[in-house]
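return atomic coordinates for the entry below.
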Amino acid sequence: DTLHRKEAPPLLSKVSVTSLLPPAEEEDAAVTLPRPRFLQDSDTLTAAEKGTAFHLFMEKLPLDREWQDHELEAFAAELVTRGVLSPAGCRSLDLVTVQAFLQSRYGRELQTAGELRRELSFVGGVPASSLFPDAAGDDRTVILQGAVDLIYRRDDGTWVLGNCVIYFILIYLPLFEGGG
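Residues are numbered from 1 along each chain as shown. Below you'll find the model as predicted:
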């Protein structure tokens with residue numbers, strides 16, 4: 001149970017996945033934010049900024065082919081040239097581990113997936129009782145809206161959902177499994 005569950009609103013109708021996450025600290029919504037630090041050239045990145053750089057890299061990396069180490073480096077440099085990653089974000093990437101993931105059974109599965117989609121928006125109906133603890137037995141449908149980082153179809157026809165956290169787990173998991 002990884003979602004932060006809130007009390008049911010008086011009228012259940014539509015919620016976003018983001019609204020189910022733990023609340024961020026209150027900030028003034030009218031503030032104009034500066035360009036994120038991970039897009040600036042700073043050598044000191046927070047864990048969140050490194051994670052964002054990693055997510056951007058994995059989001060942009062074409063997964064329909066095999067990659068050599070030097071090609072991953074060249075692709076990361078291209079993302080810096082295009083302004084997608086900062087030089088510091090690029091330097092924070094652990095491309096050896098990305099390569100270990102791509103060589104794992106999960107990475108190979110992605111490279112040969114017949115159908116693969118990224119950043120896929122979704123809207124669907126779910127029972128109110130599955131989102132809100134105080135709505136037990138409530139048979140009303142709540143519209144749930146969000147986005148999936150990655151979804152692909154395996155050879156056997158089953159669909160697999162992925163996100164940046166899952167990428168991270170799958171990248172490090174093969175290292176603990178002896179190379180996947």
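
any low-confidence regions in the protein?
1-12, 14-43, 163-180 (pLDDT under 70).

show me where it has its strands.
All strands of the chain, identified by DSSP state E, fall at 14-16, 115-127, 141-153, 159-162.

just put those in CSV and tack on mean neighbour count and distance to residue 45.
In this view, the C-beta of every residue, glycine as well, is placed from N, C-alpha and C. Output for the strands of the chain, formatted as CSV (neighbours: other Cβ atoms under 10 Å; distance: least, Cβ to Cβ, whole Å):
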stretch, mean neighbour count, distance to residue 45
strand 14-16, 15, 28
strand 115-127, 12, 23
strand 141-153, 16, 21
strand 159-162, 14, 24
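
mind checking which of the ones you listed is nearest residue 61?
strand 115-127 (9.9 Å; Cβ to Cβ).

tell me what that closest one is packed against?
The contact analysis (3 or more Cβ pairs under 8 Å, 6 or more residues apart in numbering; DSSP states H and E) places strand 115-127 against strand 141-153.

parallel or antiparallel, which strands does the strand it packs on pair with?
strand 14-16 (parallel), strand 115-127 (antiparallel), strand 159-162 (antiparallel) (DSSP bridges).

now the ones you listed in JSON lines, with distance to residue 109?
As requested, the strands paired with strand 141-153 are exported to JSON lines (distance: least, Cβ to Cβ, whole Å):
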{"stretch": "strand 14-16", "distance to residue 109": "30"}
{"stretch": "strand 115-127", "distance to residue 109": "10"}
{"stretch": "strand 159-162", "distance to residue 109": "8"}
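
looking at the ones you listed, which is nearest to residue 94?
strand 159-162 (18.3 Å).

if we look at the closest one, which residues are touching it?
109, 148-154, 170 (Cβ atoms under 8 Å, 6 or more residues apart in numbering).

let's see that with 7 Å instead.
The contact list for strand 159-162 (Cβ atoms under 7 Å, 6 or more residues apart in numbering) reads 148-154.

out of those residues, the closest to residue 115 would be?
Closest to residue 115, out of all of the contacts of strand 159-162 and judged by Cβ to Cβ, is residue 153, at 4.3 Å.

I'd say that closest one and residue 113 touch.
Yes: taking contacts as Cβ atoms under 7 Å, residue 153 lies within contact range of residue 113: 6.2 Å.

the helices in the chain, which residues?
Taking DSSP state H as the criterion, the chain carries its helices at 47-60, 69-81, 87-92, 95-103, 105-111, 164-176.

taking strand 141-153 as reference, get the angle to the first one.
The reference is to helix 47-60. Interaxial angle of helix 47-60 relative to strand 141-153 (axes from the mean of the first three to the mean of the last three Cα atoms, to 10 degrees): 60 degrees.
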